[in-house]
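Chemist: pasting a predicted model and its sequence here:
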Amino acid sequence: MAGSTAERLEEILTPYLGRTVAQTTIRMQCKALNTTPESLSASQLPSLIDRLTIGLRVFVGADKANQIRTSMSAIH
Amino acid sequence: MKGKFAGAMIILFFLISLTIYLVKPDETTLKILGNAAQTIAGLLAAVYLFRTASAFSREDSVRPYWLWLAAGYVLNALGFITYALWETVLGLEVPTPSLADLFWGLSYPALIYGSLAMLRTYVNSGLAVRINPLSWVGTLVVFLAAGYFLMLPTLQDTEAGLLEKFVLLLYPVGDVFLFAASTAIALMMRQFGSGKLGAPWTFIALGMITVTLGDMVYTYLSAQDLYETGNLVDLSWVLQGCLVAWGGILQYRLVKEGPAANSAA
């Protein structure tokens, strides 16, 4: 279940970041939270989504980034 | 739909400009049409970059950088307008330095700052993108070429005054910095692969790379007395405006509509 959470995040991010950057970014941000995509817990998900949203914001702006955040938050 | 129409108009505008340069009408007509095409291209870039900046909210850290880029293209267009008026309305040979050089010279800090600030923000975004070392290799090659073919001859020129030398050196130096920033961004955007975040900046950076290389060829041809208005190198200024404007349209649509909009384009 935890692994599939990361995969569903990846599905949401891939149209924007491409598959490789989406995977690497999730892995990198998980590492910053002292976890891995495979062992990501439900309590760590909001922090991960925050980090991903900050990154997206510089490319697509706050409004669009918040829309993507909403999609990511709907995962769990 | 609006984006598609604007894109089609930009392509049409470039094809008309290309035709003008290939047909090569008489010198006066060529000067008028060529200068008009370069001015319109610069204004297109400025308008679409301002529009992109307006799509970001005031809280977005990159908004000022988009404004800096837009301001750079406004100054660029002012340079072309001044040059065109001087050459076509006054019918005079444009001296070096001229008021046009002042506008073009001022456009460099705006464009370089905007690009470098954007690059720094992207690197620190937390997304897994990085600067490709190949961009520094490319910059080194361009720097060496510019140094040998453009800067060194200018420095060794015994006839040019100090101010003229300064202006003639400003272009290659500014172009090397702009090339460095735009190449780094272009290669960074390639890391997104099929992801839509990379598309806008790919076009904008390609536009900047086009103009830096075009500027250098122009400066070299001028120094060798091989340049005259209507040379195909003039098209690089038109092409850059079109590429930057198209990149601006894509970025605007990405901010407003998301990746689906750019997929449809």
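Modeler: That came through, no problem. From a predicted model like this one, the values you see are computed outputs, not experimental measurements. Numbering: from 1, shown residues only, chains lettered A, B, ... in the order given.
Chemist: only C-alpha atoms from now on, for both contacts and neighbour counts.
Modeler: Noted.
Chemist: so who does residue 48 touch?
Modeler: Answering for chain A, as no chain was given. The neighbours of A:Leu48, taking Cα atoms under 8 Å, 6 or more residues apart in numbering or on different chains as the test, are A:Ile26, A:Gln29, A:Cys30, A:Leu33.
Chemist: other chain: chain B
Modeler: B:Tyr48 is in contact with B:Ala70, B:Ala245, B:Trp246, B:Gly248, B:Ile249, counting by Cα under 8 Å, 6+ apart.
Chemist: skipping adjacent residues, who's closest to the second one in space?
Modeler: Right, B:Ala245. B:Ala45 (4.2 Å; Cα to Cα, 6 or more residues apart in numbering or on different chains).
Chemist: secondary structure element for the one you found?
Modeler: Assigned by DSSP states H and E, B:Ala45 belongs to helix B:27-55.
Chemist: now do the helix or strand just after that helix: which elements does it pack against?
Modeler: Counting by DSSP H and E, the next helix or strand C-terminal to helix B:27-55 is helix B:63-84. Packing partners of helix B:63-84 (3 or more Cα pairs under 8 Å, 6 or more residues apart in numbering or on different chains; DSSP states H and E): helix B:27-55, helix B:99-123.
Chemist: can you put the contacts of B:Tyr48 in CSV and add distance to B:Ala199, neighbour count and secondary structure?
Modeler: Shown next, in CSV, are the contacts of B:Tyr48 (distance: Cα to Cα, whole Å; neighbours: other Cα atoms under 10 Å in any protein chain shown; DSSP: H, G, I helix; E, B strand; the rest coil):
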residue, distance to B:Ala199, neighbour count, secondary structure
B:Ala70, 18, 29, helix
B:Ala245, 13, 29, helix
B:Trp246, 10, 28, helix
B:Gly248, 10, 28, helix
B:Ile249, 11, 24, helix
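Chemist: turn those residues into CSV, columns for pLDDT and distance to B:Thr39.
Modeler: Below are those laid out as CSV (pLDDT from 0 to 100; distance: Cα to Cα, whole Å):
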residue, pLDDT, distance to B:Thr39
B:Ala70, 97, 14
B:Ala245, 96, 13
B:Trp246, 96, 16
B:Gly248, 96, 17
B:Ile249, 95, 19
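Chemist: how about the residues of the stretch 51-200 of chain B by chain A?
Modeler: Remark: the part of the stretch 51-200 of chain B in contact with chain A comprises B:55-57, B:59-62, B:121-122, B:125-129, B:191-198, using Cα under 8 Å from any Cα of the partner chain.
Chemist: could you redo the last one with a cut-off of 10 Å?
Modeler: B:53, B:55-63, B:118, B:121-129, B:189-198, B:200 (Cα under 10 Å from any Cα of the partner chain).
Chemist: whichever of these end up buried, select them in ChimeraX.
Modeler: To isolate the buried members of those in ChimeraX, using 16 or more other Cα atoms under 10 Å in any protein chain shown:
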select /B:53,55,56,60,61,62,63,118,121,122,123,125,126,127,128,129,189,190,191,192,193,194,195,196,197,198,200
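Chemist: quick one: A:Gln29 from A:Arg51, how far?
Modeler: Using Cα to Cα, to the nearest Å, A:Gln29 is found at 7 Å from A:Arg51.
Chemist: need the residues touching each of these two.
Modeler: B:Gly126, B:Leu127 (Cα atoms under 10 Å, 6 or more residues apart in numbering or on different chains).
Chemist: for the chain, where's the lowest mean pLDDT among helices and strands?
Modeler: The chain I'm using is chain A. When the helices and strands of chain A are scored by mean pLDDT, DSSP states H and E, helix A:2-32 comes last with a mean of 92.
Chemist: can you look at chain B instead?
Modeler: helix B:259-264 (a mean of 59).
Chemist: now the strands: where do they sit in the stretch 101-250 of chain B?
Modeler: Along the stretch 101-250 of chain B, no segments are classed as strands by DSSP state E, counting those that start in this stretch.
Chemist: the least confident helix or strand of chain A vs chain B: in contact?
Modeler: Yes - under the criterion of Cα under 10 Å from any Cα, chain B is reached by helix A:2-32 at A:13-29.
Chemist: ok, B:Ser222 - how many residues close by?
Modeler: Number of residues near B:Ser222 (other Cα atoms under 10 Å in any protein chain shown) recorded here: 12.
Chemist: what sits against it?
Modeler: B:Met216, B:Glu228.
Chemist: any idea how far B:Glu228 is from it?
Modeler: For B:Ser222, the distance to B:Glu228 equals 8 Å [Cα to Cα].
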